[in-house]
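Novice: Sequence first, then the predicted structure:
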Amino acid sequence: MSNNTSPSFLLLEETVTDIYTPENVKALALHVQSNFGESMAIEVAPYFFINPKSKNRTYYKYIGVYDDKGELKQNPFSGLNTTTISFAYLKKDYENIEGDSENKTFAIGARTTLIRFYNKKKVMDNATELANALSQLASPPMEILTMPQGPDKEEALKKFYLEKQKVDERFKKFQKTIKPIFKVDVAGAYSDLFTDNSVNSGTVNRLGAWLTGEFSLIINEDDEQSSTNNYINLLITSRYIEDGFNSTNGIDFSTNYYRDFGGKISMDLGKFSFAYEYINRNGSISSKRSVGNISFAINKDITLTGGFGKDFNTTDNLLTLFGINWGMNFGNSSASL
């Protein structure tokens, strides 16, 4: 899982990273930053809820690489399958809003991949090797095949393939992540802030839209002993924001306009990812964000992230954040015997 945050969270500027393009999208993800219960976001991928039992939904169709009458092709717009919708809640003491209490903020966001390109040959070579590995599996003995259908036969088949044929061990090499060589994501979000923490109070809003491009280069392609594909990634982002969360007296609010441009370099090394990002902000107020971040994947569903550096704020701009990202699959995510 590599979606470190959601667009709705990112707009509220309370994130470990401001530059990201998730590759492994989950059906449902929970993002928590800093204090649990005071900052949470839910992200949903509609693709996984629409006709999920269709046998026409394969991994290769999902990533858009396919064989067309012997010719290897890819659909660069298959990234639309990764479209997500997110909802966020945040309690935060904003820099430009005076008062002792934290303000309650709600946001909604969406993200999708406009275009993406894989190394078609690498994807298909992996598929061919997987097919060869499947063809090398021995057939169960006749005493198992002739057993009547039922739990006993299912258990015998399971024991034969998992213990005798060591299916899990054979297929480990095919579980390495294959990232697109290049992709472009587009995202947008809108948020409301309740000025005096009352449902009947007037609200102010913030909205933003951004594009992010990512180039990925595998750095251990010839290392067959490695259990992961390690990558170095270069990301570039451009963002436009209208920020209405500005007040000096808590009553009168004004809107600031920002244009952000920045970049990020990261390295994926097994379960760890190390990155540094820099964003330059111009507009009503000029500022910069310079943050280093690290993430650790506990397993394929849970990732811990942390960030340290300078945020956009002109005062109190030291950023130290810790986040938990929990993604959930629905349906059968592994091959059935």
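Specialist: Nice, I can see it. Residues are numbered from 1 along each chain as shown.

Novice: before we move on, what SS does residue 14 have?
Specialist: coil (DSSP: H, G, I helix; E, B strand; the rest coil).

Novice: from what I can see it touches residue 92, true?
Specialist: Yes. Between residue 14 and residue 92 there is a contact at 6.3 Å, judged by C-beta atoms under 8 Å. For glycine as for every other residue, the C-beta is placed from the backbone atoms N, C-alpha and C.

Novice: Mind checking which of these two has more residues around it?
Specialist: When neighbours are counted by other C-beta atoms under 10 Å, residue 14 and residue 92 differ, and residue 14 comes out ahead with 22 against 18.

Novice: At which residues are the helices of this protein located?
Specialist: Counting by DSSP state H, the segments of the chain that form helices are 7-11, 59-63, 120-135, 142-145, 151-159, 167-171.

Novice: a markdown table please, covering those and showing mean neighbour count, mean pLDDT and distance to residue 43.
Specialist: Listed next are those as a markdown table, based on neighbours: other C-beta atoms under 10 Å; pLDDT from 0 to 100; distance: least, C-beta to C-beta, whole Å:
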| stretch | mean neighbour count | mean pLDDT | distance to residue 43 |
| --- | --- | --- | --- |
| helix 7-11 | 28 | 86 | 8 |
| helix 59-63 | 14 | 86 | 18 |
| helix 120-135 | 13 | 85 | 26 |
| helix 142-145 | 10 | 89 | 44 |
| helix 151-159 | 12 | 88 | 34 |
| helix 167-171 | 13 | 79 | 29 |
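
Novice: Those: which one's closest to residue 203?
Specialist: Residue 203 lies closest to helix 7-11 among those, at 14.9 Å (C-beta to C-beta).

Novice: In the stretch 1-150 of the chain, where is pLDDT below threshold?
Specialist: Residue ranges of the stretch 1-150 of the chain with pLDDT under 70: 1-4, 34-37, 93-101.

Novice: if you set the cut-off to 90 instead, what comes out?
Specialist: For the stretch 1-150 of the chain, the stretches flagged by pLDDT under 90 are 1-41, 48-63, 65-73, 82, 89-106, 120-141, 143-145, 150.

Novice: Poorly predicted segments of the stretch 151-300 of the chain, please.
Specialist: Along the stretch 151-300 of the chain, segments meeting pLDDT under 90 span 151, 154-155, 157-178, 192-205, 220-229, 243-255, 270-271, 285-286, 297-300.

Novice: how about 80 then?
Specialist: Where the stretch 151-300 of the chain drops to pLDDT under 80, the residues are 168-170, 172-175, 194-203, 222, 224-225, 227, 246-252, 300.

Novice: Arrange the helices of the chain in a markdown table, one row each, with distance to residue 241 as further columns.
Specialist: Below are those laid out as a markdown table (distance: least, C-beta to C-beta, whole Å):
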| stretch | distance to residue 241 |
| --- | --- |
| helix 7-11 | 8 |
| helix 59-63 | 32 |
| helix 120-135 | 37 |
| helix 142-145 | 63 |
| helix 151-159 | 54 |
| helix 167-171 | 45 |
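
Novice: closest one to residue 258 among those helices?
Specialist: helix 7-11 (11.5 Å).

Novice: Tell me how far residue 256 lies from residue 241.
Specialist: Separation of residue 256 from residue 241 (C-beta to C-beta, to the nearest Å) stands at 8 Å.

Novice: same question but for residue 294, I mixed them up
Specialist: 26 Å.

Novice: More neighbours: those two, which one.
Specialist: The neighbour comparison of residue 294 against residue 241 (other C-beta under 10 Å) goes to residue 241, with 20 against 15.

Novice: so the more buried one sits right up against residue 279, yeah?
Specialist: No. Counting by C-beta under 8 Å, residue 241 stays clear of residue 279, with 11.2 Å between them.

Novice: Name the residues contacting each of the two.
Specialist: Common contacts of residue 241 and residue 279 (C-beta atoms under 8 Å, 6 or more residues apart in numbering): residue 260.

Novice: so which of the helices of the chain comes closest to residue 178?
Specialist: Of all the helices of the chain, helix 120-135 sits nearest to residue 178, with 6.1 Å by C-beta to C-beta.

Novice: For the closest one, name the packing helices and strands.
Specialist: Applying 3 or more C-beta pairs under 8 Å, 6 or more residues apart in numbering; DSSP states H and E, we find helix 120-135 packed against helix 59-63, strand 65-68, strand 71-74, helix 167-171.
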